[in-house]
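below are the sequence and a predicted model for it; my questions follow.
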Amino acid sequence: MNQKLSIDESFINKLTSILKVNFENENFGVSELADEIGYSRSQLHRKLKDINGKSTSQFIREYRLERAMELLKKNEFTASEIAYRVGFTSPTYFNTCFHNFYGYPPGEVKNQRTISPPKKTFSKKILAIIPVLILVGLIIFNETVNKANGLDENLKKSIAVLPFVNNSTNKENLFFCNGIMGGIRDQLSKIPEFTVVSRRSVERYRNSSTPLKTIAKELEVNYVIEGHVQRIKDRAIISAELIRVDDNKILWSDRYDEDVSEMFTVQANVIESISSNLETIISPNLQNELSAIPTQNKTAYEYFLKGEEYRFKANRAFQKHDVWLELINKAKTSYELAIKSDSLYSSPYIGLAFTTFERYGDYVGDNNNINEVLHLTNKALELSPNNSLAYNIRGNYFLLINEDDKAILDYEKSLTIYPNNVGALLNLIRIYKRKNNYKEAILTLKEAEKYAQSRGQLIGLYTHYLEFYRTLNNSFFVDYYFDKIFELQTVKRFRRDRVYSFIQFRRYNDALNYVNKNLLKDNQQRNALLGALHMHKRDFKKGKIYWEKCYNQVEKEGVNSLASRTVYWGYGMCLIRDGQIEAGKELLRKQIDLYNTLLSSKESLDTPLSYYQLFFLHAALGDIEKSNEFIDKFEAANGWLFWNFVLYIGADLEAGLFEGDLEYLQASIKRGEKQLEEAQNQIKPYLPSTPPTIKD
């Protein structure tokens, strides 16, 4: 043990001696230190990790900070001068690193050493002011430099990781190339100061000759990362560069020639290099994640990357159901093979949880395996206790099955690890609204607004804003936020809630135009929505045409859309209005069985919606007592505020879709309207009379 300690101490002393000679050189980094000591970067990273738990870049940075402390105590130079003397690229970044390491800024070093006598009060005030003046001066200086460089302050650390070029002879290695690129992008997105464009947004520039400045303008970024990957058997050659687009300056570039088992270390080096060059601190949680080696099994890693690629390609919004399902199943198989190769590798369990959630989250029918998500995320957390993503997906599962308190705990754990987890914040808003805690919901929305910068995150923000305005029954602002959402979409996506908002405001023709324009494929969702809209227009003959098509698709495929979940009710009601009473009632009974199955198995995203449908269904079958029973259950489940049903039900009543005890229902609606008024009173103080200005 003592011999190992001596060897480790000797190794650290050698590194320190090398840094002592080179610490003033800001360009002396990980690669240079590794070359001097005679190690590869990956070997040095692992060696330091084993000795003291630090990455190489962290070791270098902390050495420079220790030398800076020595110089500050001598009081011979200003903090700005010392920043450059110890190899930092700017005083601002030095101040940030110093404060993060020591817990106070460089200007406070003297105060930390001695306590001035009381009569020196004036001098202490001056000393207290000086760091502030220096900081203000640095801010002004940086703003001037940024303006001179043409950098947009709102986009200062906005990054697009462009698709890496696959230089491998075997083009099937594209999944490996994309996996390296995706891993870098995902880790960068965990740094709150960075705005990182989504992979889907950058995919359109794959194999594109579009100039970088044009790409940057379209994606609204100041920096891009380009890269190349070449796979040669068990080795990978990776080159990457960080480019400031305004002046086309390469701020950092590097080349790695490593064994495939070293890819985690390579990605960590890339993240640390980019963070350092953009003068950004990596949080301890992310530092620990970057230092970890999730698996050393090459086969498991490759299967995991294949699963990620299949899951990325699966996009149900633009694919036929069978195409989407095939890709999801391929992803599932790949993750399972990864687990078979290394059962202690946590990432495939999370990938498998994602595919299971995507496969069964909206699925209605036999063999629904949604509960597997809980088992998979529990296993992932057993292997990787601080995995924010695992907490997040488990929170999504609890949200799906209406276990809100458990979901809150998981989202809060996820946020403890990465406070900028906008997805967790947005889902917490949903839960607070379900609990009628609209004040907490809006305060959480304001918290999410601090971190939301990507298009997807802003769309989530705007969605919550429009839902608050739907609760206020304000169609003008609902339209405003939908317009903002559609402006942000680089690929136009259909929004089912746009249809429901049109129904709430009785704008059926607008809803029909929206569906016909944006849902061109003949699928369950299109037919169900068109059938329902024609029913609301009291055109049951035309509604029957679409519900019949939807019914045939469901019989063949199973229910694969929330919209088509009501297929037996819609088609059954149309048959009854067409005189086919027994056939229609048989379908209504089938719809009741479906909802009872959902309620008993806890596989329903929306228990109140099930109750809502059931009191309509039992009324249509003439069982008024049962209908009233479900009105009570619906009200007890906070149904009137769920999806704004208290404002939505008027459209159903006007269409003549309720055939039960109207007086009993109206009494319940009045109580719902009182709840609505209370919710509106919570919301109004926090929402401006005009739409707030949000980054877009």
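Sure thing, it's come through.

just the strands from the stretch 101-250 of the chain, written as ranges.
Taking DSSP state E, counting those that start in this stretch, the strands of the stretch 101-250 of the chain run over residues 158-161, 165-166, 195-196, 223-232, 235-244, 249-259.

spatially central residue in this structure, please.
In the chain, the centroid-proximal residue (Cα atoms, centre = their mean) is residue 423; its distance is 4.6 Å.

doesn't residue 391 make contact with that residue?
No. Using Cβ atoms under 8 Å, residue 423 is not in contact with residue 391; the gap is 11.1 Å. Backbone N, C-alpha and C define where each C-beta goes, glycine included.

pLDDT weak spots in this structure?
1-5, 112-155, 317, 362-367, 601-606, 689-696 (pLDDT under 70).

the domain parsing of it - what is it?
Structural domains annotated on the chain: 2-149, 154-286, as defined by automatic domain parsing.

single out the most deeply packed of those domains.
Among those, domain 154-286 has the highest mean neighbour count (mean count of other Cβ atoms under 10 Å), at a mean of 18.

so what does the helix or strand residue 64 falls within touch, helix or strand wise?
Assigned by DSSP states H and E, residue 64 belongs to helix 56-74. When contacts are defined as 3 or more Cβ pairs under 8 Å, 6 or more residues apart in numbering; DSSP states H and E, helix 56-74 packs onto helix 2-22, helix 30-37, helix 41-52, helix 79-85, helix 91-102, helix 109-113, helix 263-277.

could you rerun that using 10 Å?
Secondary-structure packing of helix 56-74 (3 or more Cβ pairs under 10 Å, 6 or more residues apart in numbering; DSSP states H and E): helix 2-22, helix 30-37, helix 41-52, helix 79-85, helix 91-102, helix 109-113, helix 263-277, helix 284-291.

could you report the separation of the closest residue to residue 501 other than its chain neighbours from residue 510?
Once flanking residues are discounted, residue 501 sits nearest to residue 478: 5.4 Å by Cβ to Cβ, 6 or more residues apart in numbering. Note on residue 478: its distance to residue 510, by Cβ to Cβ, to the nearest Å, is 12 Å.

common neighbours of the two, please.
Counting by Cβ atoms under 10 Å, 6 or more residues apart in numbering, the common neighbours of residue 478 and residue 510 are 498, 501, 502.

next, format those as CSV and append neighbour count.
Compiled in CSV, the shared contacts of residue 478 and residue 510 are given as follows (neighbours: other Cβ atoms under 10 Å):
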residue, neighbour count
498, 19
501, 25
502, 25
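
about what we covered before: and the helices and strands packed on helix 56-74: which comes nearest residue 449?
Comparison of these against residue 449 by Cβ to Cβ identifies helix 284-291 as nearest, at 22.2 Å.

hang on, the earlier thing: can you redo the helices and strands packed on helix 56-74 as CSV with distance to residue 382?
Formatted as CSV, those follow (distance: least, Cβ to Cβ, whole Å):
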stretch, distance to residue 382
helix 2-22, 31
helix 30-37, 33
helix 41-52, 23
helix 79-85, 44
helix 91-102, 32
helix 109-113, 43
helix 263-277, 20
helix 284-291, 17
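
closest to residue 347 out of these?
That would be helix 263-277 among those, by Cβ to Cβ, at 10.4 Å.

got the CA positions of the closest one in CSV?
Only the C-alpha atoms of helix 263-277 are listed here, as CSV (Å, rounded to 0.1, in the frame of the first residue of the first chain):
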residue,chain,number,x,y,z
MET,A,263,-14.7,6.7,-26.3
PHE,A,264,-16.1,7.9,-22.9
THR,A,265,-12.7,9.4,-22.1
VAL,A,266,-12.5,11.0,-25.5
GLN,A,267,-15.9,12.5,-25.2
ALA,A,268,-15.0,13.8,-21.7
ASN,A,269,-11.9,15.5,-23.1
VAL,A,270,-13.9,17.1,-25.8
ILE,A,271,-16.5,18.5,-23.3
GLU,A,272,-13.8,19.8,-21.0
SER,A,273,-11.9,21.4,-23.8
ILE,A,274,-15.0,23.2,-25.2
SER,A,275,-16.0,24.3,-21.7
SER,A,276,-12.6,25.7,-21.0
ASN,A,277,-12.4,27.5,-24.3
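
so that helix versus helix 91-102, what angle?
Angle, helix 263-277 to helix 91-102, by axes from the mean of the first three to the mean of the last three Cα atoms, to 10 degrees: 120 degrees.

give me the angle between helix 263-277 and helix 56-74.
30 degrees.

ok, residue 46 - contacts?
39, 40, 56, 262, 265, 291, 293.

that one and residue 55: what is the separation?
Relative to residue 55, residue 46 is positioned 10 Å away (Cβ to Cβ).

about what we covered before: just want to know which of residue 478 and residue 510 has more residues nearby.
Each of residue 478 and residue 510 has its neighbours counted (other Cβ atoms under 10 Å); residue 478 has more, 23 against 16.

helix or strand right after the helix or strand that contains that one?
Here residue 478 is covered by helix 475-488, with elements defined by DSSP H and E. On the C-terminal side of helix 475-488, the closest following helix or strand by DSSP H and E is helix 496-504.

export that next one as CSV, just CAs?
Output in CSV follows, covering the C-alpha atoms of helix 496-504 (Å, rounded to 0.1, in the frame of the first residue of the first chain):
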residue,chain,number,x,y,z
ARG,A,496,-53.8,17.7,-31.1
ASP,A,497,-54.3,20.4,-28.4
ARG,A,498,-54.7,23.0,-31.2
VAL,A,499,-57.8,21.0,-32.3
TYR,A,500,-59.2,20.8,-28.7
SER,A,501,-58.7,24.6,-28.2
PHE,A,502,-60.7,25.3,-31.4
ILE,A,503,-63.4,23.0,-30.0
GLN,A,504,-63.4,24.9,-26.7
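
about what we covered before: may I see the domains of the chain organised as CSV, with distance to residue 599 added?
Below are the domains of the chain laid out as CSV (distance: least, Cβ to Cβ, whole Å):
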stretch, distance to residue 599
domain 2-149, 50
domain 154-286, 36
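
I figured residue 377 hits residue 397, correct?
Yes. Judged on Cβ atoms under 10 Å, residue 377 makes contact with residue 397 at a distance of 7.0 Å.
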